[in-house]
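*Asks:* When you get a sec, could you give me coordinates for this:
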Amino acid sequence: MRFLAAMACALFIGVSGASAQDAQQDGRLAPMNVHYQRLAQAYAENDTAMILAYRTPDFYVETPGGDRLDRDVTTQILVDFFTQSAPPVELSTIVQCARMNGDVEALFTVTQTTTRNADLGDGQHRVASAVTQTDTWRLTPEGWRLASISSIHGARRWVDGVEVDPLRPYAANARPFTPANVPAPICESTSNGSATP
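*Replies:* Prediction:
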């Protein structure tokens, strides 16, 4: 469960500067740059209402194990994350690629990183978590909203600047961890959308 919470902390944040190239190729993608920035600000200010306002009512997260976490579960994970985190919280999102999937859906492959202070059982530590995932945005009557997060992979975690195994509970005396090489995400284009690797 601790892994799920650590992974989930990276799922709900974002600030984007790298998707400008994709947005220039397809202007329909441009609004998400602003949305990622607003979400990042809301996240840094512990504003769960703003974060939830950017989600569709049927929002879900598909975990690497294939489980589907609905809006209620992901909302509780978000609340728990804020309860367990101490400022400052730093957020970043690198957009690997973005494309339209039809006229009302946009797919963003992103690597998101959060850095925060957290008590890991032996006092406060500076914890950074990163994950690569696909954010699916849907155009609704209220504008673009985050509908789902899927294809989660490449989870990494650092405690006080030292990389640790993201699948194991933190242990101060653990051996140094070296992650496996993860291939860069590949964007696929569709007949009615564009993609940039």
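
*Asks:* hey, let's count contacts and neighbours off CA atoms from now on
*Replies:* Fine.

*Asks:* Count the residues that sit near the closest residue to Thr140 other than its chain neighbours.
*Replies:* Excluding its sequence neighbours, the residue lying closest to Thr140 (C-alpha to C-alpha, 6 or more residues apart in numbering) is Val104, at 7.9 Å. The tally of other residues near Val104 (other C-alpha atoms under 10 Å) stands at 12.

*Asks:* Okay, strands next: where are they in this structure?
*Replies:* Counting by DSSP state E, the chain has these strands, from start to end: 55-62, 68-70, 85-100, 105-119, 124-140, 143-159, 162-164.

*Asks:* how about these, which one is nearest Thr48?
*Replies:* strand 55-62 (11.1 Å; C-alpha to C-alpha).

*Asks:* residues making contact with the closest one?
*Replies:* 68-71, 74, 145-152 (C-alpha atoms under 8 Å, 6 or more residues apart in numbering).

*Asks:* Confidence-wise, which helix or strand of this protein is lowest on average?
*Replies:* Of all helical and strand segments in the chain, the minimum by mean pLDDT, DSSP states H and E falls on helix 2-9, at a mean of 42.

*Asks:* Isn't Arg156 up against Asp165?
*Replies:* Yes: because the distance of 7.2 Å satisfies C-alpha atoms under 8 Å, Arg156 is recorded as touching Asp165.

*Asks:* Which neighbours do the two have in common?
*Replies:* In the contact map built from C-alpha under 8 Å, 6+ apart, the residues linked to both Arg156 and Asp165 are Pro179.

*Asks:* Can you pull out the low-pLDDT segments for this structure?
*Replies:* Within the chain, the set of residues satisfying pLDDT under 70 comprises 1-24, 182-197.

*Asks:* Please report how far Leu107 lies from Leu39.
*Replies:* Leu107 sits 17 Å away from Leu39 when distances are taken as C-alpha to C-alpha, to the nearest Å.

*Asks:* returning to that earlier point: any chance of the strands of the chain in TSV, plus distance to Arg28 and mean neighbour count?
*Replies:* Putting the strands of the chain into TSV (distance: least, C-alpha to C-alpha, whole Å; neighbours: other C-alpha atoms under 10 Å) gives the following:
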stretch	distance to Arg28	mean neighbour count
strand 55-62	18	18
strand 68-70	27	16
strand 85-100	8	20
strand 105-119	9	22
strand 124-140	10	21
strand 143-159	10	20
strand 162-164	38	17
